[in-house]
Structures are given as structure tokens and as C-alpha cells.
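Asks: Can you look at this prediction? I've put the sequence above it.
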Amino acid sequence: MFKFVIASCLLLLLSGCSTFRNTNFDAIYGPAAVQDRLVDNTTAAAAFYHDSVQPILNQRCVVCHGCYDAPCQLKLTSPEGIDRGTSKVKVFNGTRLLAEAPSRLYQDAFSTASWREKGFNSVLNEREQSPSANLAASVLYQALQLKQAHPNLDTREHAQAFDFSLDRNQQCSSIEEYGHFAKQNPYAGMPYGLPAISEQQFNTLEIWLAQGAKMAAPTPLQLGLIAEIDLWEHWLNRDSLKSQLVSRYIYEHLFLAHLHFNAWPGQYFYLVRSKTPPGQPVERITTLRPYDDPLVDRVYYRLVQERETILAKTHMPYALNSERLDTFNQLFFTPHYEVNQLPSYEVSIAANPFIAFADIPVSSRYDFLRMEAQNTIMAFIKGPVCRGQIALNVIYDHFWVFFSEGNWEKSEGLGAFLVQQKEHLRLPSESASNSSILTSWLTYSKAQQKYLSAKQRHLQQALDTEYVNRLNLSLVWDGEHSNDNAALTVFRHFDNASVVKGLIGQKPKTAWLIDYPILERIHYLLVAGFDVYGNLGHQLNTRLYMDFLRMESEFNFLALLPTQSRQQERDFWYRDVNKDIRQYIEAEQHRFQYPTGIHYQTEHHKSELFDLLKQHLAGALNQQYDFVKDDAPTQEIRSLRGLQNLNSQAVNLLPEVSVLAIQDGSNQRVYTLLRNTAYSNMSSLLRDANYRMPKEDNLTIVRGVIGDYPNLYLSINAKQITAFARTFHQMEQEQDYRLMLDQYGIRRSDPRFWAFSDNILTHIKQQSPVTGGLLDYNRLENR
């Protein structure tokens, strides 16, 4: 009987999408009403969802529908996201004059009915619950079926049918509108611009949808895991003022992290603020920013289970274990200090961590941030920024990051000094998300110059003449020879970026040396204080301020070079800047004239410094991404090394992130080709062609996968490596690139695409079981 109903419905659907163009769904199936789709985890329906449906959604749908930037805000990462459906409102809008109302799952509405009130449309049938209605009145099914009707299409040859730009107009059709949309856009079925899912997968989703799209929450937690959570919640919620202040500090820095326990791999948790203490159901306190007033007398910090599929672009794992608890106790409770009053949530205090957490020793705060520095830096890329050229065009495409060794942070009086400098250290987030005034670059520059001058005086007083004589490698944290967070590499891929451990790739143009005040401000500027729903003024002011954190980090690094080399590097890094920036840089050059304490042996000072830093950090350097591995044939390594010297004309033809799989019998080796795009400076709000330096572009090759948004997939046999490399060296124009793709590429319309995708995702899971996640395919190129 069920198969007959499905067949009858399919005949109706296949007779033409126009069948439902003007259909009155209320008249046929009754008025829409929110459905209860969650079933008990012990039922067969729950098992079907977890075992058969969710894997298809993850590997075929979530790869485009996962983050804030998911088309139509449709997040298919959890039952709550699927039930919420679509919205015509864009989250990423760099031109809006007024902030947008936030639409965060689990925070800004707590029921499907509430999301309907906020304008979200269902992608599932909310009318009569029958197999025929569940298919006919489901946007999700209609989109899948439309692709089945038009499964094979060369997206290059039919370019007019596809718009893959991130800022494209999105129809976000309701079920009443979808028939007309489908008739006008017959090739817009899902997955959009990718091969259709297999017949078996389609049949599985068809059965699931016809049966009412029943879903289930994550499986219940084991008793041992519940005990671990209970231990941490009680530690975080002790009554002393000191404990409350420390827990507030930890929360404001880890609220985006995926907390996990070693004995229970694959299960992740968020730290949230709650009105209720441990032992009671969580009543989450929802605010725009983690430091906003909770409007309760006592805040409790609770762990809630992550209900969504793990995506690489938002995944920031952070381990909780007995060693971590010992470290936290040592950092925050072994030092002697008193907390007599908790800080106010008034924005001028709460948005400034140097005031709010003045009672906690600076060295404790710095050690906390630095011991998982990758997470601290990565949060500004994987957190609320998620994507956005305005947020990320302040950094170069490839640079190395180092950290100060901490002597200044341990010096007496630094905390009081930072409080004294509160007027010069104010962040744009104090103006909230509707900034009506675009603060001028000069305003920030004057405040920064006053802070830097005061900082220099304080350094001299705190460290006396020792500081002047110690402008050498002892100023650089070596990770205690074991912590691989001591050296990081950042790759920017236009409007997204990656942060990885180790000094990866060829020696970069620039580097950062970060101290505590810089690291803390980066977090409160771009993570805790940044509102992705904010207006143009908020976003641009954030971008302008980051200019100075980048320059301060760069200037710290330059202090290790001889005086003349500092000036030469600054001039090279800041070519073509405007008069105001030039004056700021020159003022910095004249202000800081202390000689380096490093005795250089060559005339290539920056290159030699990088070599010295590698030696200094040898015990802590992560080698995961080195492409020279014992299992790779010599010819393969030689060919790949040659590609890193590829001429810029050929590099210019490549996208930002290309993933290459080399098949060698039953073995496979995976590499990433990263294009580093060069600019004359990074101080322009709009990176137009005037600042591009294409002849300076280069290519970095790494072992494994770097980049959460691949632009291109490549696949070769190990025997093809020499010919593959030769083809790259011979590329001069777009036609050459397309011919290369014809031979080695897995284009987004290639019938082999999904098999290759599954292969890469399996590789990531095997190589990075904790740090890996699903990739995002919204940036796959169409060439």
C-alpha cells in the first residue's frame, strides 16, 4: 500500500512542476501547523534517522547547509535546524545600515513555532500528515526530486543556469512559491550545481519524508560521561567570588569551543550561561555577546551537548581532562590574589577584559590563552566571523605567528598599567552593533600611539635595562619545548582562513609576535565583541581597529631585526599606503630605536631570523603538514617541491585551495595546494586591483588537507606525477588551466564528484579524528 501511495504521488510530481505552481495547499491538505517530529531514541524511526538518513544529509546536504552563510539560512545539521527551515534574510550583509535581529539556533527561538513567527518557512510538510502530502508539500522533497528530473548537467556549458557567487540573490521559496521557481529554474534542484544523489539515497530520503520526517535527538549520555560533566560543572560553579570571576573569564573565552572528554570521542559540548545550578535542567541565558548583562543575580556555567553535525569551518575542539583541571587550578588558584567584588556588566567594563578581569594575574590570563593559542587565534576565523572579506582582508595570505615569552606579563604592575590605559584600549564593540558613526582611522591611530608610548615606558620600568639588552630570541616563547601552540601558520583564502600548528610553507613575507594585550584584544574585538548581524559601521570599525593589532604584532617581530632592516621591511610591507598610515609607521620607526640583541651572520636578516626561530622552537614545532614524508616516492617529493617554485603566471590561474589525491596502488596520499595572493599592503578597506601584486603570488603545498572551503579537487595516479607537474609549469592562460582540469580535475559537475568527496572526508576523519570535520562546498569553482 505504501509503495502504491508513493508511486501515485511521484506520477503527479513528474507530470510537471507547474502542477503546483498555483496550488492552494491549504485547500488540498489543510492549513499549516507545526508538527512534532522528534521521536524517542529507542524507536525504529530513530534508528532509521540516525543510521540511514543523517549520514546522507551530512555528506550530501550539510556540506552546503551548515553555518551562518548557508543558503537561505537553511541549516541541515540537526533536527532543530531542519525543522526551522529557510529565511529570505541574509546574515552576511556588509552594507546594512541597521543591525539585523539575530537568528541563532537554540538561542534566539526555542521552538519551531517561534521560528515561524520570525519569518522562517518550513522545508517539510506541515499540513495533513499523509505520504502523498508529506512529499507534495515539502520543499526539501521538491528540490531533491527536481535534481532527479535533471540529474546530469555540465555547469560550465550551462553557466547561465547557475550562480555560484556567495552574494547571489537567493529565492528561498516557500512551498507555495516553489512550483513557479522550479519551472523558471529547472536546473536548481538539490544538491545545487552538484551531481544528483544516488537512486538508493534518494529512495531513503523519500521514504523518510513520506513517513513524516521523524528525527531523534543525539543518543543519551553514558553514566561515566555524565559524571565527568558533573565534576566540571561543580568546579565551575563554586561560591567564592574568586571562583565566579575565574569561571566568567573561562566562559568568555571558551563559549565557542567544542569541549570534549578523551574517553568519549566524537561527543562535544558547549559551555553556556544558565539561570539554574548543576543538578537542575539548564535554563540558558541568551544574550548577543558573552559579556552582556545576564539579568540574573547569579550566573551558572553549564555544559550542554552539541546537537549539530561537526563542520570543519566551526569546529574548535578543546579537551577537558584531569590534567586540564590541574592546570586551571595552578593558573588561577595557586597564585595569591583577592577578589572582593565581581565586575559590573556595564558595557564600558564588561567589554574591556583589562578592567573586568583586573583582579586575575595577567600571567595567569596569558598562560591560559597561550597554552591553546591555536584555538584562541582560530576563534576569530571560525567563530562569528565565519566568512567575510571585510573581517579578513586585514591579514596577509600567509604568515607565521609567534608569542612573547611572558616576562613582561609576569612583571609587577602590568595589570594596573592596562587598567590605566583603558581609554586607549577601548574596543569598537563598546558602541554595540548599531554603530551610527564610522570612527576614523586617525582616531584609532592616536589612541594606539599613546598606548604604545606608555607601553614602551612601562617595559623599560618593569624590566629595566634587561629589556634593552634582551631583544633576542629569549623574548619568544618556545612552548617549554613541548607545546606545539608556540608556532602557528595562518593562511587566508580570500574571505575565509585557516590556522594550523607549525611553521608551514616557504618563509613568509610577514610574521607576528603577539603579547598578552594583543592576544586579549584580538579575542574581544573579533570573537567576544563581534556581531555578525551588526550594521556596516560596526563591521568597518572592527576592521579598522584590527589594522593596529596587526601592525603592533608585526612591529614586535621587527624589533628582533637590525634597525636598518626594520625600516626596509616596513617599507616593503606597507607599499602604496596613504599619507596617514605612512606617518603612523614613520612615527613608530622613530619611537623605537633599540638595537637588536641578535648577532646576525648573513645579510639576509629576515630569512636568517626565521631559521633561528625554527631552531629556537625545534622541540615544539608541529610537523603534521610537511609534505616530505617517508611513504612518498622521491620523484613525487621532487615534483611537488618544484611546484612551490611555480611561476606567478601559472599560480594566478589557480584557486585559493586545491585538494590533490594521489593514488598509488592501494595507498593514497593527499595534499593541499594553497595559493598565496600578494598585495602591496593590508591597510586598504577595499582591496581593489590597485593593491594587487600578482607577480609576487606563490604556492604552498602541504601534506593533508588545509582549508575548510575547498575550491577544487584534483586526482591523479602516482605514475602521472611528473606529467602533472609539467602541465602546471606550462600553464599560461585560462585555456591551459581548463585543459589541465579536463585531464586531472574532479569538477563540481563530474559524475565522480561524490565518490571522490566521500574519499576525502574519510581521509580527514582517519587523519584528524578530533580536529577534523565536514568540509564546505559553497566555494567550489565552476571552470
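Replies: Sure, I can see it.
Asks: Can you mark which positions in the lengthiest helix in the chain are buried?
Replies: Using DSSP state H to define each element, the chain has its longest helix at helix 441-469. Using 16 or more other CB atoms under 10 Å as the test for burial, helix 441-469 gives 441, 444-445, 447-449, 451-452, 455, 458-459, 462, 467. All C-beta atoms are positioned from the backbone trio N, CA, C, and that covers glycine.
Asks: again with stretch 402-416
Replies: Counting neighbours by 16+ other CB under 10 Å, stretch 402-416 gives 402-409, 411, 414-415 as buried.
Asks: Give the other helices and strands that the helix or strand encompassing Phe202 contacts.
Replies: Secondary-structure element containing Phe202, defined by DSSP states H and E: helix 199-210. Helices and strands touching helix 199-210, by 3 or more CB pairs under 8 Å, 6 or more residues apart in numbering; DSSP states H and E, are helix 2-14, helix 54-56, helix 131-136, helix 139-149.
Asks: immediately after the second one, which helix or strand?
Replies: Proceeding C-terminally, helix 54-56 gives way to helix 79-84 as the next helix or strand, assigned by DSSP H and E.
Asks: elements contacting that following helix?
Replies: For helix 79-84, the contact count by 3+ CB pairs under 8 Å, 6+ apart identifies helix 112-117 as packing neighbours.
Asks: can you give me the offset of whatever helix or strand comes next after the longest helix of the chain from its chain's centre?
Replies: The helix or strand immediately downstream of helix 441-469 is strand 488-492, counting by DSSP H and E. A distance of 12 Å separates the centroid of the chain from that of strand 488-492, by CA atoms, centre = their mean, to the nearest Å.
Asks: which residues touch strand 488-492?
Replies: With contacts defined as CB atoms under 8 Å, 6 or more residues apart in numbering, strand 488-492 is touched by 373-374, 377, 392, 395-401, 497-505, 674, 676, 700, 706-707.
Asks: Check which element follows that strand along the chain.
Replies: For strand 488-492, the succeeding helix or strand toward the C-terminus, using DSSP H and E, is strand 497-501.
Asks: Could you tell me the angle between that following strand and strand 488-492?
Replies: 160 degrees (axes from the mean of the first three to the mean of the last three CA atoms, to 10 degrees).
Asks: Name every strand pairing with the helix or strand following strand 497-501 and say which way it goes.
Replies: In the C-terminal direction, the helix or strand that comes right after strand 497-501 (DSSP H and E) is strand 510-514. Partner strands for strand 510-514, per DSSP bridges, with pairing direction: strand 398-403 (parallel).
Asks: still on that earlier bit, mind listing what's buried along the helix or strand that comes right after the helix holding Phe202?
Replies: Scanning the chain past helix 199-210 towards its C-terminal end, the next helix or strand to appear is helix 223-236 (assignment: DSSP H and E). When burial is assessed from 16+ other CB under 10 Å, helix 223-236 yields the following buried residues: 225, 228-229, 232-233, 235-236.
Asks: Using CSV, list the CA coordinates for the helix or strand just after helix 223-236.
Replies: Note on helix 223-236: by DSSP H and E, the next helix or strand toward the C-terminus is helix 241-254. Once side chains and other backbone atoms are set aside, the C-alpha atoms of helix 241-254 remain, and they are given as CSV (Å, rounded to 0.1, in the frame of the first residue of the first chain):
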residue,chain,number,x,y,z
LEU,A,241,34.0,35.4,44.3
LYS,A,242,37.3,34.3,43.0
SER,A,243,35.8,31.1,41.5
GLN,A,244,32.9,33.1,40.0
LEU,A,245,35.3,35.5,38.4
VAL,A,246,37.6,32.8,37.0
SER,A,247,34.6,30.9,35.6
ARG,A,248,33.4,34.0,33.9
TYR,A,249,36.8,34.5,32.3
ILE,A,250,36.9,30.9,31.1
TYR,A,251,33.4,31.1,29.7
GLU,A,252,34.0,34.3,27.8
HIS,A,253,37.0,32.7,26.1
LEU,A,254,35.6,29.2,25.5
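Asks: re the thing from before, just give me the least confident of the buried residues of helix 441-469.
Replies: Note: of the buried residues of helix 441-469, the lowest pLDDT belongs to Tyr467, at 54.
Asks: quick revisit: quick one: the helix holding Phe202 to chain centroid distance?
Replies: Centroid displacement of helix 199-210 relative to its chain, using CA atoms, centre = their mean, is 32 Å.
Asks: by how many degrees do that helix and helix 139-149 diverge?
Replies: Put simply, helix 199-210 runs at 150 degrees to helix 139-149, going by the same axes, to 10 degrees.
Asks: who touches helix 199-210?
Replies: Counting by CB under 8 Å, 6+ apart, helix 199-210 makes contact with 2, 5-6, 9, 48-49, 52-53, 56-57, 60, 124-125, 131, 134-135, 138, 140-141, 144, 148, 196-197, 214, all of which sit outside it.
Asks: Mind checking which of those are buried?
Replies: Using 16+ other CB under 10 Å as the burial test, the contacts of helix 199-210 include 6, 9, 48-49, 53, 56-57, 60, 124-125, 131, 134-135, 138, 140-141, 144, 148, 196-197, 214 as buried.
Asks: So which elements touch the longest helix of the chain?
Replies: Under the contact criterion of 3+ CB pairs under 8 Å, 6+ apart, the helices and strands touching helix 441-469 comprise helix 407-410, helix 414-420, helix 536-558, helix 579-591.
Asks: Which strands or helices does the helix or strand following the longest one pack on?
Replies: Which is helix 536-558. Downstream of helix 536-558, the next assigned helix or strand under DSSP H and E is helix 563-573. Applying 3+ CB pairs under 8 Å, 6+ apart, one finds that helix 563-573 makes contact with helix 536-558, helix 579-591, helix 605-616.
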